[in-house]
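Colleague: structure for the following, please:
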Amino acid sequence: MKIIVYIYTDPLLDTVPNQNDWGWEVDKIYEDLGKRTQLQQLLTDCQTETVNYLLVRRLEELGDSLTQVSDRLNQLETMGVMVIATQQSYTSNSSQIPAELWELLPEIQRQQRSRRIRQGHARNRLEASPPPGKSPYGYRRGQGKYIIDRTTSPVVKDFFDHFLLYGSLRASVRYLGKRYGKNISVTTGRRWLTNPVYRGDTAYQNREIISNTHGAIISREEAAQVDRLLRRNSRLPSRTASAPRSLAGLVICHQCQSQMIVTRVTQTYQDKEYLYLRAINCPQQPKCRAIPYQVVLEKTIDSVCRDLPLAVAGMNFPQLDAIKNSLGERISRQQEILQQLPTFIETGILDPETAKLRAYKLRTEISELQAKLAILPPVNLRSVAQAVSIPQFWWDLSEVERRFYLREFIQQIQIIRQNREWYLQIIFIF
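Modeller: Residues are numbered from 1 along each chain as shown. Here you go, the predicted structure:
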């Protein structure tokens with residue numbers, strides 16, 4: 001008894017399967033990648049050799065159309081070969097057309113139509129063309145790519161600039177409505193901040209990204225800062241990113257592990273207000289006392305000026321530099337290969353279709369490496385730490401500006417109580 005296998009893989013859509021995953025003891029495997037030359041060889045061999053069973057994953061692999069699939073099934077069954085589809089309920093019978101085939105015909109037709117559509121999308125990806133659908137706000141379609149819309153792109157750029165300046169998504173959304181009358185939801189604003197299109201990249205439904213496909217609205221440095229701000233804000237309690245006070249969302253009571261919020265106290269017939277930090281969900285009896293906000297702020301600034309340079313000095317910068325250099329070298333190697341592809345086509349080493357597929361994979365790999373490089377801390381962190389270790393630097397800032405810088409360095413401020421006294425413990429991000 002002789003058993004053979006046929007595998008068809010479309011390089012635009014599929015990954016090469018494991019040849020040993022059949023559960024049968026197979027005599028020979030015919031495998032095609034893109035073209036069906038091995039299928040023709042299989043049919044030729046079946047005319048000269050006795051073959052009992054042919055295993056395929058799905059009947060659609062036998063042709064690009066329903067007619068081709070039917071013709072090849074008839075050829076095989078005429079030669080006495082029983083066809084078994086392992087991922088479909090189909091086993092051929094040489095004496096008559098099995099009922100299962102009639103049931104599978106509509107499914108085969110749907111699958112092949114879907115495959116043709118996905119092949120069209122895949123070919124567009126190889127050309128780095130935009131995916132189907134409406135262009136993102138700030139862009140329009142033209143010349144097979146996204147083109148910056150001069151009328152709407154300033155709105156998007158101003159939105160990013162406001163977020164980079166104040167670090168608050170909700171405040172940036174409100175600013176857009178007041179300044180331009182462009183009302184968007186917070187969810188839409190977050191999509192704008194994370195959309196690769198505004199960085200000059202194209203993202204596809206398979207989550208692969210190709211860099212530098214069109215003009216960018218924000219620079220790479222601004223995009224990296226946006227990502228750092230979003231990661232920073234994700235660690236904070238909800239709605240504190242746009243709070244007016246610089247310590248909002250950072251302070252926690254070590255004793256009761258409750259988040260501390262800023263509360264405002266006023267006196268009747270007086271304009272003066274008093275700010276306190278109070279634990280919102282304190283289970284203690286009696287509850288933990290509130291602490292004057294200004295005192296905590298002063299102690300926080302003193303601690304940052306004293307401890308931040310020491311914390312930065314303890315970082316392993318040589319290792320960080322080695323990681324950055326390694327990523328940079330890998331990006332350079334991929335770019336060199338990308339530049340050599342036209343030469344490979346001219347010399348006949350690669351055909352144009354294979355070269356396009358290779359270029360697409362190289363560009364997606366470069367995008368992944370650039371994303372890893374962007375999330376690393378800036379190399380000038382040590383000099384920045386020295387600059388912000390001067391107390392006057394902090395007191396010259398507004399509360400909004402102070403909020404921005406404190407959250408760049410601080411993950412949490414813990415209030416540790418001892419009897420009626422207390423002191424601060426600052427946990428830095430790095």
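Colleague: can you count the residues close to the closest residue to L277 other than its chain neighbours?
Modeller: When the adjacent residues along the chain are set aside, L277 lies closest to M260, with 4.4 Å between them (C-beta to C-beta, 6 or more residues apart in numbering). (Glycine included, C-beta is placed from N, CA and C.) M260 has 27 neighbours, counted by other C-beta atoms under 10 Å.
Colleague: distance of I210 from Q319?
Modeller: Separation of I210 from Q319 (C-beta to C-beta, to the nearest Å): 31 Å.
Colleague: now do the SS call for R239.
Modeller: coil (DSSP: H, G, I helix; E, B strand; the rest coil).
Colleague: spatially nearest residue to it, not counting backbone neighbours?
Modeller: R170 (7.4 Å).
Colleague: list phi and psi for that neighbour.
Modeller: Main-chain dihedrals, R170, degrees, to the nearest 10: phi -60, psi -40.
Colleague: spatially central residue for this structure, please.
Modeller: The centroid of the chain falls nearest to R207 when counting by C-alpha atoms, centre = their mean (6.9 Å).
Colleague: out of I210 and Q319, which sits in the more crowded spot?
Modeller: Comparing I210 with Q319 by other C-beta under 10 Å, the one with more neighbours is I210, at 20 against 9.
Colleague: contacting residues for the closest residue in space to that one that isn't next to it in sequence?
Modeller: Nearest in space to I210, with sequence neighbours left out and distances taken as C-beta to C-beta, 6+ apart, is R363 at 4.7 Å. R363 makes contact with 128, 210-211, 338, according to C-beta atoms under 8 Å, 6 or more residues apart in numbering.
Colleague: just the element for R363, please.
Modeller: helix 352-374 (DSSP states H and E).
Colleague: so where does the residue nearest to the centre of the chain fall, helix or strand?
Modeller: Using DSSP H and E, R207 falls outside every helix and strand.
Colleague: domains of this structure?
Modeller: Domain assignment for the chain, taken from automatic domain parsing, gives 3-126, 139-234, 251-314+382-428, 317-379.
Colleague: so which of the ones you listed is the most surrounded?
Modeller: Among those, ranked by average contacts under mean count of other C-beta atoms under 10 Å, first place goes to domain 139-234 (a mean of 17).
Colleague: just the terminal-to-terminal distance for it.
Modeller: By C-alpha to C-alpha, to the nearest Å, the extent of domain 139-234 from end to end equals 28 Å.
Colleague: chain center to that domain, what's the gap?
Modeller: 15 Å (C-alpha atoms, centre = their mean, to the nearest Å).
Colleague: average pLDDT across that domain?
Modeller: Mean per-residue pLDDT for domain 139-234: 91.
Colleague: got it, and stretch 330-338?
Modeller: If you average the pLDDT values across stretch 330-338, you get 93.
Colleague: distance between it and the chain's centre?
Modeller: Put simply, stretch 330-338 sits 22 Å off its chain's centre (C-alpha atoms, centre = their mean).
Colleague: same thing with stretch 63-82?
Modeller: How far stretch 63-82 lies from its chain's middle: 43 Å, per C-alpha atoms, centre = their mean.
Colleague: with stretch 257-268 instead?
Modeller: Chain-centre distance of stretch 257-268: 39 Å, with C-alpha atoms, centre = their mean.
Colleague: could you do stretch 329-342 as well?
Modeller: Per C-alpha atoms, centre = their mean, the displacement of stretch 329-342 from the mean C-alpha position of its chain is 23 Å.
Colleague: going on from the helix or strand hosting I108, what's the next piece of helix or strand?
Modeller: Using DSSP H and E, I108 falls within helix 99-126. Next in sequence after helix 99-126, counting helices and strands by DSSP H and E, comes strand 139-142.
Colleague: list the contacts of that following strand.
Modeller: Contacts with strand 139-142, where a contact means C-beta under 8 Å, 6+ apart, come from 130, 135, 146-149, 153, 197, 214.
Colleague: ok, so of the residues you listed, who is nearest Q414?
Modeller: V197 (40.9 Å; C-beta to C-beta).
Colleague: doesn't that closest one belong to a strand?
Modeller: No: membership of V197 in a strand is not supported by three-state DSSP, which gives helix.
Colleague: pretty sure V265 sits in a helix.
Modeller: No: under three-state DSSP, V265 falls outside any helix and is assigned strand.
Colleague: and it, what does it touch?
Modeller: Contacts of V265 (C-beta under 8 Å, 6+ apart): 273-276.
Colleague: adding distance to I117, pLDDT and secondary structure, write those out as TSV.
Modeller: Formatted as TSV, the entries for these read as follows, by distance: C-beta to C-beta, whole Å; pLDDT from 0 to 100; DSSP: H, G, I helix; E, B strand; the rest coil:
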residue	distance to I117	pLDDT	secondary structure
E273	63	83	strand
Y274	66	88	strand
L275	60	91	strand
Y276	62	93	strand
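Colleague: if we can go back for a sec, what about the residue nearest to I210, distance to E221?
Modeller: Applying C-beta to C-beta, one obtains 21 Å for the distance of R363 from E221.
Colleague: residues contacting G249?
Modeller: 236-237, 240-241, 243, 259.
Colleague: the same query, at a cut-off of 7 Å, please.
Modeller: 236-237, 240, 243 (C-beta atoms under 7 Å, 6 or more residues apart in numbering).
Colleague: then C253?
Modeller: Residues near C253 by C-beta under 7 Å, 6+ apart: 260, 279, 282, 288, 415.
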